[in-house]
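Colleague: Show me the folded form of this:
(2 chains)
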2 protein chains.
Amino acid sequence: VSLLNHKFELAARPIGLPKRADWVYKEEPLRDPGDGEFLVKIIYISLDPAMRGWMSNSKSYVPPVGIGEVMRALGLGRVVASKNPGFAPGDYVYGLLGVQEFAISDGKGLTTVDPAIASLPVYLGALGMPGMTAYFGLLDVGQPKPGETVVVSCAAGAVGTIVGQIAKIKGCRAVGIAGGAEKCRYVVEDLGFDAAIDYKTDDVRKALQQHCPRGVDVYFDNVGGEILDIVLAQLARGARVAICGAISQYNTVMGIKGPSNYLSLLVNRASMKGFLVIDYAGRYGEAAREMSEWMAAGKLKTREDIVEGFDKFPETLLKLFKGENTGKLILKLADA
Amino acid sequence: VSLLNHKFELAARPIGLPKRADWVYKEEPLRDPGDGEFLVKIIYISLDPAMRGWMSNSKSYVPPVGIGEVMRALGLGRVVASKNPGFAPGDYVYGLLGVQEFAISDGKGLTTVDPAIASLPVYLGALGMPGMTAYFGLLDVGQPKPGETVVVSCAAGAVGTIVGQIAKIKGCRAVGIAGGAEKCRYVVEDLGFDAAIDYKTDDVRKALQQHCPRGVDVYFDNVGGEILDIVLAQLARGARVAICGAISQYNTVMGIKGPSNYLSLLVNRASMKGFLVIDYAGRYGEAAREMSEWMAAGKLKTREDIVEGFDKFPETLLKLFKGENTGKLILKLADA
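Modeller: Next up is the predicted model:
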């Protein structure tokens, strides 16, 4: 093989928003796959808020990306050469392939996906990590009951769109919080949320009181910060807050803002629970089967926000933190 | 009856620490109990951190004490006259009797206590609201398992002393956080905690790492503020944080400090749950029976900090917020 690989390696730990200079773009000749290995041509790279955390040096659930290492990312690609009997050329695989054009893998942590069941980008969204996060975070941590009110922040994002739709499937009232009129229109009109609150123009506190007259039973939090505080003040008795992320805080240089209304948990006998989707890896299959059925039945709609061009990686990642994406943000490198 | 009653009525909503002028001390002739009512001579008044919340006008789990109303407090007294067949003169009763020398009651919310089973002050502590709070907060919310590490703040207080001892009874490692060498000595040497951290002189973070080498599995929080943040950073995977109170925040005029390390809940798949002891009212009997057995077996020790003199009520209440009490703080009005 005389292929050249291109990749983004972490060059510096970002302060605030990541910038292009926090990575170095490299061209390298590809080595041949060894015994038990195979070569993947990456088609799609998944851009996820968690990537910001992986760039930081603070203690977390996984070690950070090392300086000089390929930037960590989920992705989907096609096997183009293989010395591993479990993976044949032509197979499509999903997993941590990194921000690069080609990956050599021994198959560990990768799963094969079937393009006959869903289109490839869906495997990065609803049937990938964001979908699993929504499914288990809402159903396992949030424990919604029919008739309850579920509120989700980043409602028009990869996770939020799924959370609200599953809430509806389960007989709940779904209220989304999103930035901008178009995102709010999208989740209500296209996805069937009961209401949406535009945090850029609405008085979130008043809008929550209006749309959640009996309080918030389940809050699926992707943002943290001020919105978490406002929702905490509107909890119903026995409410469950699922802490999925805190995108408003990932790029802060001022220190994380803690929820000053946390004593609402006491007054309302409510709980706040953090979770990580990787703990549910053993049940991904079950979730994927159920979500595929919902998609086939037209109850669960997906949307991908696909940007083309490998060299646009740094700027495209920032769309997440600027709230510029609707649905699953994906970088496309090549045709399938 | 030509008895005179003396009482403290709420006169103003305090800003910061309550002061004497936030109440008005009144003398009033006592009316006779009507049909179904009885007259209680109050012997002990229970002084509890929750009283600070009852003085504030913010939305909570009970309405605040109204201006001009007798200050709300738990207490224990002796029935001295009765037109209620359920309560006879000589009976001892416990419940919300108020900050006054006499109370007239129809019995609602009061329970009769037996001085043959435990001394009267114990009914305000281990067998009263603080003991029930410790029992259900630790066992039901904290769900400690043998071998786990339980940390409790305000460890030398009415609730904390019981929490640590029940943790030991259940086979856990018990670590207390308290203010001052004598309180720390008390919980370790007299109550059998495994370790105590003096937040006034120790580096709490380092001391926690030292005394909880495998992290904190259960944190029973009575203080909030900075200590909550430090403990959150030391949670073990799957930890449970029981939010009982936040005494460091009750008198703030700066706004509540939220726990900026709350994302530790996510990294550690941990939960934070608020609770109110009143939700367990139907199970108080079961808890009291078990705790009485532990006391009889010498496994559960109690201590009361009894201050004499009704007129000392305002200053004595402040001992709670200044951390000056060890064990259950009680105001004694009369001999039993």
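Colleague: For the rest of this, base every contact and every neighbour count on C-alpha atoms.
Modeller: OK.
Colleague: Run through the helices of chain A in chain order.
Modeller: In chain A, the helices defined using DSSP state H lie at A:50-54, A:129-136, A:158-169, A:181-185, A:204-211, A:225-232, A:264-267, A:284-296, A:313-321.
Colleague: Can you tell me which of the ones you listed is nearest to chain B?
Modeller: Among the helices of chain A, helix A:264-267 comes nearest to chain B, with 3.7 Å by CA to the nearest CA.
Colleague: what's around the closest residue to A:Ile197 other than its chain neighbours, how many residues?
Modeller: Distances taken as CA to CA, 6 or more residues apart in numbering or on different chains place A:Ile177 nearest to A:Ile197, at 4.7 Å, with adjacent residues excluded. Applying other CA atoms under 10 Å in any protein chain shown, we find 28 residues neighbouring A:Ile177.
Colleague: where's A:Ile177 relative to chain B, distance?
Modeller: Distance, A:Ile177 to chain B, by CA to the nearest CA, to the nearest Å: 20 Å.
Colleague: That residue touches A:Tyr199, doesn't it?
Modeller: Yes: using CA atoms under 8 Å, A:Ile177 is in contact with A:Tyr199, at 6.5 Å.
Colleague: Out of the helices of chain A, which is the most enclosed?
Modeller: Across the helices of chain A, the average number of neighbours (mean count of other CA atoms under 10 Å in any protein chain shown) peaks for helix A:158-169, which reaches a mean of 27.
Colleague: mean confidence score for it?
Modeller: For helix A:158-169, mean pLDDT is 98.
Colleague: which strands and helices sit next to it?
Modeller: helix A:129-136, strand A:149-153, strand A:173-178, strand A:328-332 (3 or more CA pairs under 8 Å, 6 or more residues apart in numbering or on different chains; DSSP states H and E).
Colleague: and of these, who's closest to A:Ala116?
Modeller: helix A:129-136 (18.6 Å; CA to CA).
Colleague: rewinding a little: got the helices and strands packed on helix A:158-169 as a markdown table, with mean pLDDT columns?
Modeller: A markdown table is the format used below for the helices and strands packed on helix A:158-169 (pLDDT from 0 to 100):
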| stretch | mean pLDDT |
| --- | --- |
| helix A:129-136 | 98 |
| strand A:149-153 | 98 |
| strand A:173-178 | 98 |
| strand A:328-332 | 98 |
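Colleague: Can I get the ones you listed in TSV including distance to B:Tyr94?
Modeller: Shown next, in TSV, are the helices and strands packed on helix A:158-169 (distance: least, CA to CA, whole Å):
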stretch	distance to B:Tyr94
helix A:129-136	46
strand A:149-153	40
strand A:173-178	44
strand A:328-332	59
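Colleague: Nearest to B:Gly285 among these would be which one?
Modeller: When the helices and strands packed on helix A:158-169 are compared by CA to CA, strand A:149-153 sits nearest B:Gly285, at 35.2 Å.
Colleague: Tell me the strands beside the closest one, with direction?
Modeller: strand A:173-178 (parallel), strand A:216-221 (parallel) (DSSP bridges).
Colleague: export the last one as PDB, just CAs?
Modeller: Spelled out, it's strand A:216-221. Coordinates of each C-alpha in strand A:216-221 appear next as PDB, following Å, rounded to 0.1, in the frame of the first residue of the first chain:
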ATOM      1  CA  VAL A 216     -40.900  19.500  35.500                       C
ATOM      2  CA  ASP A 217     -40.900  15.800  36.200                       C
ATOM      3  CA  VAL A 218     -37.800  14.900  34.200                       C
ATOM      4  CA  TYR A 219     -35.100  17.200  33.100                       C
ATOM      5  CA  PHE A 220     -32.500  15.900  30.600                       C
ATOM      6  CA  ASP A 221     -29.700  18.400  30.900                       C
END
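Colleague: which residues are in contact with it?
Modeller: Residues from elsewhere that reach strand A:216-221, judged by CA atoms under 8 Å, 6 or more residues apart in numbering or on different chains: A:137-138, A:142-144, A:148-153, A:163, A:228, A:231, A:234-246.
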